[in-house]
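Novice: sharing a model that was predicted from the sequence below.
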Amino acid sequence: DTEVTQTPKHLVMGMTNKKSLKCEQHMGHRAMYWYKQKAKKPPELMFVYSYEKLSINESVPSRFSPECPNSSLLNLHLHALQPEDSALYLCASSHPVRGRDQPQHFGDGTRLSIL
Amino acid sequence: QKEVEQDPGPLSVPEGAIVSLNCTYSNSAFQYFMWYRQYSRKGPELLMYTYSSGNKEDGRFTAQVDKSSKYISLFIRDSQPSDSATYLCAMRRETGGFKTIFGAGTRLFVKA
């Protein structure tokens, strides 16, 4: 079992639905990430939060809206998604050290299917 | 040219073989090098983490970094069917925030 917990494991939604993905870690990490992974491809970075502030947005469409309510939680709010958004959405966390970061630890992801 | 090149395979070996997985990169600023293992329908699991050049060993796994050649390797000794997975190399600069660059991943099959 990973120390980064993601819920739900699977999600099927229509293009007009609104849903949220949740990620939780209790390792004391202060950097949290959202990645998107398509089949047989490496993870693609979407967002990074550092100390609960949005640090990186990789030009992600506004139909994806991240939120970091506290140091342990990370949400990804979804609205009006397209079929091409179907993918595995991975959350990761790491411990930022002054000047550099420690390696990221991943959750098992949410498999999202858009109908 | 991609910053990180990794042969996607698949690579098929018999049980007990020594497996060699490799990545090359073009950015000399990379200082942190990782190997992740990803099973089907699971998230990437950190296997090895090294800084700068040198070797690191952990059980059956050995990671090597040759910065002069911009080449990193992961060796798996006495491979087992349970090692069948996709192996992703990843690297990051000394400074420059949180971005990690991943290789394409190599699919490994270990036959019993």
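Specialist: Ah, there it is. Small disclaimer: the values here were computed from a predicted structure and weren't measured. Numbers count the residues shown, from 1 in each chain, chains lettered A, B, ... in the order given.
Novice: CA atoms for contacts and neighbours, from now on please.
Specialist: OK.
Novice: enumerate the residues of chain A near chain B.
Specialist: Contact residues (Cα under 8 Å from any Cα of the partner chain) of chain A with chain B: A:40-43, A:45, A:48, A:90, A:99-101, A:103-109.
Novice: the residue of chain B found nearest chain A: which element?
Specialist: Nearest to chain A in chain B, going by Cα to the nearest Cα, is residue B:43, at a distance of 4.0 Å. Taking DSSP states H and E as the definition, residue B:43 sits outside all helices and strands.
Novice: for it, give me its contacts.
Specialist: Residue B:43 makes contacts with A:90, A:106, A:107, A:108, A:109, as judged by Cα atoms under 8 Å, 6 or more residues apart in numbering or on different chains.
Novice: hang on, the fourth one packs against residue A:7?
Specialist: No: using Cα atoms under 8 Å, residue A:108 is not in contact with residue A:7, being 9.4 Å away.
Novice: between those two, which is the more surrounded one?
Specialist: The residue with more neighbours, out of residue A:108 and residue A:7, is residue A:108; 25 against 17, by other Cα atoms under 10 Å in any protein chain shown.
Novice: tell me the predicted confidence for that one.
Specialist: What the model reports for residue A:108 is a pLDDT of 96.
Novice: which non-adjacent residue is nearest it?
Specialist: Leaving aside its chain neighbours, residue A:108 sits nearest to residue B:43 (4.0 Å; criterion: Cα to Cα, 6 or more residues apart in numbering or on different chains).
Novice: need the max-distance pair from the contacts of residue B:43.
Specialist: Using Cα to Cα, the contacts of residue B:43 reach their maximum pairwise distance at A:106 and A:109, which is 8.0 Å.
Novice: anything in contact with each of those two?
Specialist: Contact criterion Cα under 8 Å, 6+ apart; residues shared by residue A:106 and residue A:109: A:90, A:91, B:43.
Novice: contacts only, for the first one.
Specialist: For residue A:90, the set of contacting residues under the criterion of Cα under 8 Å, 6+ apart consists of A:34, A:35, A:36, A:37, A:43, A:106, A:107, A:108, A:109, A:110, B:43.
Novice: again, 7 Å this time
Specialist: Taking Cα atoms under 7 Å, 6 or more residues apart in numbering or on different chains, we find residue A:90 in contact with A:34, A:35, A:36, A:106, A:107, A:108, A:109, A:110, B:43.
Novice: what's the answer for residue A:13, then?
Specialist: If you count contacts by Cα under 7 Å, 6+ apart, residue A:13 has them with A:113, A:114, A:115.
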